[in-house]
Each structure stands twice: as C-alpha cells, then as structure tokens.
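Novice: Sequence and predicted structure below; questions after.
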Amino acid sequence: MFKIVKKRELTPVTKLFVVEAPMVAKKALPGQFVIVRVTESGERIPLTIADYDAGAGTVTIVVQEVGKTSRLLGALPEGDRILDFVGPLGKPAPLIDRGLVVLVGGGFGVAPIYPIAKALKAKGVKVVSIIGARTKDLLILEEEMRGVSDELLVATDDGSKGHKGFVTDVLKQLIDEGRKIDQVIAIGPMVMMRAVARTTEPYKLKTLVSVDPIMVDGTGMCGACRLTVGGEVKFACVDGPIFDAHKVDFDEAVRRGRMYLPEQELAVKRMESSCAGGGCTCGGGH
Amino acid sequence: MSQDTTKKKPVKRPRAEMPAQDPKERIRNFNEVALGYDEETAVAEAERCLQCKNAACVEGCPVDVRIPEFVAKIRDRDFQAAYDLIKDTNSLPAICGRVCPQETQCEAKCVLGKKGEPVAIGRLERAAADWAMARSDRVKPELPEPNGKKVAVVGSGPAGLTCAGDLAKMGYKVTVFEALHAPGGVLIYGIPEFRLPKRIVAEEIKALSDLGVDVVCDVVVGKTITVDDLFAEGYDAVFLGTGAGLPMFMGIPGETLNGVYSANEFLTRTNLMKAYLFPEWDTPIKVGRRVAVVGGGNVAMDSVRCALRLGAEEAIIVYRRSEAEMPARAEEVHHAKEEGVIFRTLTNPVRVLGNEEGWVTGLECVRMELGEPDESGRRRPIPIEGSEFVLEVDTVVIAIGTTPNPLVSQTTPGLEVNRKGCLITRDESGLTTRDLVWAGGDAVTGAATVIEAMGAGKRAAAAIDKVLQGKG
C-alpha cells in the first residue's frame, strides 16, 4: 500500500497526488510512468510520472477523471493509501544536453511535461514551454511550468487566457519567427500530439511524443499497448512511451485507444447509479 | 520402503476415471473441470500400484517425488503421510497434481502402462494434496534455525516458489520479488481458473509464508531495483525465475487491429484481472461471436476454452501442422474437443482482415501439407499454393509462443543471454554468467512446463546452499 502524502485539486476533474513510494522515487526519471490499481477488483492503469523526489521518497502523479478507475483514484483523500503503485516503467525521455527545446503540453499532458522541463533546465538547456487547455480553468501547473521554463506561452481554445486557439498555432509562430529549435517534445491528447507532429514535420524538426495507450501489466508481457512506429510494431510500455512523432501511426493509436469505450461508459454509468442509491464511495459528488 | 507397504498385493482393475463437470455445463462457468478423486477412488487406484523396487516412475519426475511410497500411504488410507512424503521433495503438490504432463513423465515410465494403463499418479498426488488442504488444522511447519544468509528470488512463478521453499527449509531468509500485484506468475495470470483454481495457488503461497518466505509484489526487478542493488542491500545470492513473458506475434498484416490479442493479454485479462466477472470487476475483454486462436500448445487450448466460457459461440483452433504434432497435452485437447472447440489443423494465418473502423472481421488462412522433418523432428508444414480462404471471426488470439523478458538481463552487467533471449547457464544448477546469480525455468529454457521450472528451482536452491555454505 502506498500512502498519499499530499493531494491537490488542479481542476474539478484533475487531481495531483504526492505518493510515498521510496523505491520508485529512487529510480524515476522524466518520461517514465507507473501502473496503479485502486481496488481489489480494479483495473491496472498507467499514469505518467509528474515529479519525483528521491530524498523524500515520493512520486507525484496527476490523474484526470475519465473512466471508473481514474474517478476512484481521484476520490481518494490525503492520507489514504493506493493499493498498488509499480514502476518506474518505460524508457526515460532522451534529453539533449544543449540548445533550445520547445515543450508542448496539452490538457493534463502538462503534468508529465513538468519533470522534463525541470531536468532540461537543470542541464542548462533553454526551455520554451507552450501549455494549453480548452479554457483557462482547465489549465494546470502554470506557475510550476513558469518556474522551470525560460519562456512560458499559453493557449486556450476559447481565448480566456493567452493565445486564442491551439498550442500548434503558437508552436508554428515560434518556428516561423526563425528560432533555432533543436527539439520539440509534446505530451497531451493523441489528437494534439498528431497536430504537433504535422506542424513540425515540414520543417524536419526533431519531435518526440509520449503515447498513452491501454496497458495491463506495463512490463512487456501482454502487448495491449502495441503501436506502429516507422512501420514496425512497438510496445509502448518497454520500447516507449516516448517515440519519434513523425513515425507514429496516430490513426491506429487513436483507434486502439477507443477499443473499450462502451465498457468504460457502462462502468461509469453503473458507478453513478450506485452513487444515486447512496452508500457511494466515489466521492464524485453525484 | 517400510515392510507393510510391500506385503499387500496389487489389485488388478482398470484405471479409475476422473470425475469431471459435464462439458455442456462447464463451458458456461469458470469452475474447475476435473473434480478429483474421492478417498475411496483414490485408495482403489493406489491399490493398482505394483510397488516396484526400482521405481521407474521416480526417474520420470523432475523433482524426484517418492512415488511408490506415497501411493502406498494412500492405499493404506494414511493421506497425511502421503502428503508429507510428496511435500518433502515437491513444494507445490496441489498444483503439480493438476497441471503436470504426467503422461510424458512419471506415468510414461509406469510398468503397468506397458500392457495397460499406468497408475494415475498425478490424480493421486492431487488427492493427497487436496485432502491436506481441506484440513483447517494443518500444522505449521517447524522453522529451521536461521543460518544468517539472505537470498533474493526474482519472480514468483513455479521456479521461484520452489527455489524459495527449498532455501527457506534450509534456514535461509528468502525474499521473493514479484512484478505483478499478486504472486504466482504463470500460475495466476496464465493457467485458467477451470484448470487450476486460484485459491489453490494462494494456499501454496501461504504455505511458503508459513516457512518465513517474504513475498513482495509490485517490484519490477530491472526497473524498481536492479540485481546489483540487491547485492548492495545485503543479499548473498540471487535466483532469477523471471519466466518467458514476452508474447510472440506472427508479423502478418492486420495484427494491430482491434480484436487481436496475444494469448498473454487474453489470459491475463481473463485470469489475473477476472474479466469474466466484468462489470463487477473492472477489467473488460472483447470476445465476439467467433474466436480464432492461433497455435497448438497448452496456452492455445487454455485460450480457446476461455473464449467459450466468455461467451463465444464458436471457438476455433488454427494450427499449421496436424493434430499429431500438437504440443498441447492430450488431456487438454480432449477437454477442448468435448467442449465443442473446432480444430482447423494444417491451416496457417496469412492476414487479419478488418473493417473501416479497424475491428477484426476475419482471418485469411492458407492450407498446409506436411513435408520433411525439420530441426524439431516434426514434419515441416508447407503452404499449398492457391488454397487461401477466409475464416470469418471477430476475435483473434495469437498463441504461438513466448520469449524471456529482457528487463533483468538488460540491466545486469555480465548477465549473458543467447540469441533467443534465454539466460545462459554455466552448469546443471543454473549458475548464470554472473557469480552468485542462478536462474531457472522458462527464463533459461524458453517456454516449457511448470514441473521443469520447479526442477530447475530445486537444483538451484541446492547449489546456492552448497556455495553459500562453502561446500561448493
């Protein structure tokens, strides 16, 4: 069991947890993930590491409440325990040692961008970060990102903060300004990452994305997370989760990510109806 | 052999049948198929044993179970003594009694088998183990004097559990590290409930805890901690029983379509995550009306029988050689047939077909014929040109084999693997290319059987003791 030492609500549906997991904290590196299970009858879900502190023995994760498991996790209070928390899994992000890196974070994808920014900054690499969300209330970790970026740019779909439009508009502007960008790393919804890949491809600008497919074990055992990269089948859990954005078959990845949507809806519906009947533990305020 | 065991004459009678759930019933549940002998049946079967002086059956057993002796105890209705005798050399009798391929091991050597049917050694082993497990007053074993040495066991499958049990009995402080959230390895994620109930695995692991073995889940050695870290933490030796966990795919077009599973994923969702209880349990699985399982081994049989129980109307085995070459146990093939599984032998998939939304709609196959024997000694399957046809299916499960997981070998300097990814061992005991690191089971041999893995765990435990006690 892994104790939640701190919980923070980033948005009504996005929660940050600082979890006591000394063994994981000691080995964690930017770009890696953990697998979490909340109840005895629960699913195993992957969550990208949002920060870690080997000294304190803690690992930070950010969860967006979408399906049943993420909601159950999101409802856990500070001081409670997470049943299973295993990692760090996957390969760390391959970070360059000098130059300019543009980091793009969309939605709760800003969370895994943060430790990458922090590590790059510590190496002395210049970091320009672009973070975006649908609207300003859904923007997360803005101050934290400002602290580890040389420049922070914001985009919201509705224009409630920063640039009105997509993170890719801001990215394109940076490129067109003629800045010498050495690498782009984008993490967020699959469609956003695909848009970033399409934006940088004509410029042959080295771009990495972190995919977030369905997983079971997270150690290479099941192959649920397989995707096609440069015509080859890869396992996101052991070969990734970070891949060359220009080689990822995003259409396939999006399609595979939707495989269990009807089951997810059913599970959420059942959860909500049991909430209505009282005795609910989901904490969702239904 | 004690006097009273030889006095009684063997009784000539046919081998006792194993009672089983009716096929029509059992394809609708995940309960155990083979129901086990009751005491009377076990005694009657035990009476058939000739009690050979030079027992050939024992030579057929990778963990040297004293077969005639325990069978004599059952014959004498002393089930406790029978169990203790088995347990002496086999730390997982209830499991072996269920999943060992006895027909190619102990029972293959039984003298009675030469003219008729061999003694049902596996079923008797199970009877003794189940008898003991049913007793709540099971006495805790006496713990040996601790010898002050620590051993880390990586992986809680049959190899690791056996090695851990044997070392604990010798006084070692043993910690078993498991990557998943529950211990048992292939015994819980792979072998289905209807063949090996998970409560039995849990019981056997509890018996190990009684011996003082610590089992720590959620630790991926190679990621959470390395082998070198383990030595730095004071472990005197390491045993790697990490199995062969990586699924092989065929490399044919369409394998990333929605509805194509590796057998590992299909079985893990079903067994470890209990997808058959969805939505009561949270992990889902997709099983359409028609399911094709590619492969002819035990894993393929487990997958196809799970598919039926998960609601498939038609479950089909697609295998490129003929039934005679199938590596699956005869009993598993028999059970699958009883349950209505369709066997498409001499058939090889060439492409998975899908619809516009990316879901599987069919499996294009080619018919095969057998040519000259290949390096495995089995006749090589050759495609018959122009014989392609489409099997309309909704789900495809690929059960063509697994290879060892490289997470440990990649992070342990000096630990060498062969070109198949299997750990290289320097001797019979499983000593690897790193001093004080032993390995055994599928991690060394590639996918094999539970009992062979147990045998390897046992040999490694003996070697570890010898080296750590300076006797080596």
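Specialist: Noted; the coordinates are in hand. The model shown is predicted, which means the values in this text are computed figures rather than measured ones.
Novice: per-residue pLDDT, B:Asp374?
Specialist: The confidence metric pLDDT takes the value 85 at B:Asp374.
Novice: Now do B:Arg135 against B:Gln80, distance only.
Specialist: As judged by Cβ to Cβ, to the nearest Å, B:Arg135 and B:Gln80 stand 8 Å apart. (Each C-beta comes from the backbone N, C-alpha and C, glycine too.)
Novice: wait, B:Ala164
Specialist: Taking Cβ to Cβ, one finds B:Ala164 at 24 Å from B:Gln80.
Novice: And stretch B:117-124, end to end?
Specialist: By Cα to Cα, to the nearest Å, the extent of stretch B:117-124 from end to end equals 15 Å.
Novice: Contact partners for the spatially most central residue of chain A?
Specialist: Using Cα atoms, centre = their mean, the residue of chain A that lies closest to the mean C-alpha position is A:Gly109, 3.9 Å off. A:Gly109 sits next to A:186-189, A:192, A:210 when contact means Cβ atoms under 8 Å, 6 or more residues apart in numbering or on different chains.
Novice: Identify the spatial nearest neighbour of the residue of the stretch 301-450 of chain B found nearest chain A, chain neighbours not counted.
Specialist: Using Cβ to the nearest Cβ, the closest approach of the stretch 301-450 of chain B to chain A is made by B:Gly358 at 4.2 Å. Sequence neighbours aside, A:Arg255 is the residue nearest to B:Gly358 in space, at 4.2 Å (criterion: Cβ to Cβ, 6 or more residues apart in numbering or on different chains).
Novice: what sits up against the strand or helix carrying the one you found?
Specialist: Assigned by DSSP states H and E, A:Arg255 belongs to helix A:250-257. Contact with helix A:250-257 is made by A:190-191, A:193-194, A:197, A:211-214, A:226-228, B:256, B:258, B:357-358, as judged by Cβ under 8 Å, 6+ apart.
Novice: Which one of the residues you listed is nearest to B:Gly340?
Specialist: The closest of the contacts of helix A:250-257 to B:Gly340 turns out to be B:Asn258 (Cβ to Cβ; 26.2 Å).
Novice: For the closest one, give me the backbone phi and psi.
Specialist: phi -70, psi 130 (degrees, to the nearest 10).
Novice: just A:His163 next, same as before
Specialist: According to degrees, to the nearest 10, A:His163 has phi -70, psi 140.
Novice: Surely it touches A:Leu171?
Specialist: No: the criterion here is Cβ atoms under 8 Å, and A:His163 misses it with A:Leu171 at 10.5 Å.
Novice: more crowded one of those two?
Specialist: A:Leu171 (26 against 16; other Cβ atoms under 10 Å in any protein chain shown).
Novice: how is chain A carved up into domains?
Specialist: A:2-89, A:100-257 (automatic domain parsing).
Novice: ends of the shortest one, how far apart?
Specialist: I take that to be domain A:2-89. End-to-end distance for domain A:2-89, by Cα to Cα: 17 Å.
Novice: Which one of B:Arg135 and B:Gln80 is surrounded by more residues?
Specialist: More neighbours surround B:Gln80 than the other of B:Arg135 and B:Gln80, with 14 against 11 (other Cβ under 10 Å).
Novice: Please, which helix or strand holds that one?
Specialist: Assigned by DSSP H and E, B:Gln80 falls within helix B:79-89.
Novice: For B:Gly441, which of the domains of chain A is the nearest?
Specialist: domain A:100-257 (15.2 Å).
Novice: Does B:Cys266 touch B:Val304 like I think?
Specialist: To be clear, residue B:266 is Phe; Cys isn't right here. No: checked against Cβ under 8 Å, the pair B:Phe266 and B:Val304 is beyond contact range at 9.9 Å.
Novice: burial measure for residue 178, as a count.
Specialist: Looking at chain A here, since you left the chain open. With other Cβ under 10 Å as criterion, A:Gly178 counts 7.
Novice: my bad, the chain I had in mind was chain B
Specialist: 25.
Novice: Show me the shaky parts of the chain.
Specialist: Here I'm looking at chain A. A:275-286 (pLDDT under 70).
Novice: my question was about chain B
Specialist: In chain B, residues with pLDDT under 70: B:1-7, B:136-139, B:471-472.
Novice: can you list the residues of it near chain A?
Specialist: For chain B, the contact set with chain A under Cβ under 8 Å from any Cβ of the partner chain comprises B:179-181, B:189, B:217-220, B:223-225, B:245-247, B:249, B:255-256, B:258, B:261-262, B:264-265, B:268-269, B:273-274, B:277-284, B:286, B:357-358, B:405-407.
Novice: Buried members of these into PyMOL, please.
Specialist: PyMOL command restricting the residues of chain B next to chain A to the buried ones, with burial defined by 16 or more other Cβ atoms under 10 Å in any protein chain shown:
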select buried, chain B and resi 179+180+181+189+218+219+220+223+224+225+245+246+247+255+256+258+261+262+264+265+268+269+273+274+278+281+282+283+284+286+358+405+407
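Novice: on that earlier part again, now which of the contacts of helix A:250-257 would you call buried?
Specialist: Using 16+ other Cβ under 10 Å as the burial test, the contacts of helix A:250-257 include A:190, A:193-194, A:197, A:211-214, A:226-228, B:256, B:258, B:358 as buried.
Novice: Just the ones in helices from these, please.
Specialist: The helices, defined by DSSP state H, take in A:190, A:193-194, A:197 from the buried ones among the contacts of helix A:250-257.
Novice: List the buried residues in stretch A:136-149.
Specialist: Under the neighbour-count criterion of 16+ other Cβ under 10 Å, stretch A:136-149 has A:138-142, A:144-145, A:148-149 buried.
Novice: So B:Ser303 sits against B:Thr395, correct?
Specialist: No: applying Cβ under 8 Å as the test, B:Ser303 and B:Thr395 come out as separate, 10.2 Å apart.
Novice: between the two, which one's more packed in?
Specialist: Higher neighbour count among B:Ser303 and B:Thr395: B:Ser303, with 28 against 25, using other Cβ under 10 Å.
Novice: Quickly find the element holding the more buried one.
Specialist: Applying DSSP H and E, one finds B:Ser303 within helix B:298-309.
Novice: swap in A:Arg270?
Specialist: A:Arg270 belongs to helix A:261-276, assigned by DSSP H and E.
Novice: Pull out the buried residues from that helix.
Specialist: For helix A:261-276, by 16+ other Cβ under 10 Å, it's A:263-264, A:267-268, A:271-272, A:275.
Novice: Same question for stretch A:91-101.
Specialist: Going by neighbour count (16+ other Cβ under 10 Å), the buried part of stretch A:91-101 is A:91-93, A:95, A:100-101.
Novice: Among these, name the ones in helices.
Specialist: Among the buried residues of stretch A:91-101, no member falls in helices (DSSP H).
Novice: Just the ones of those residues in strands?
Specialist: Among the buried residues of stretch A:91-101, DSSP state E puts A:100-101 in strands.
Novice: of all the buried residues of stretch A:91-101, which comes closest to B:Gly295?
Specialist: A:Lys91 (30.2 Å).
Novice: Wait, the closest one touches A:Phe243, no?
Specialist: No: counting by Cβ under 8 Å, A:Lys91 does not reach A:Phe243; the two are 9.9 Å apart.
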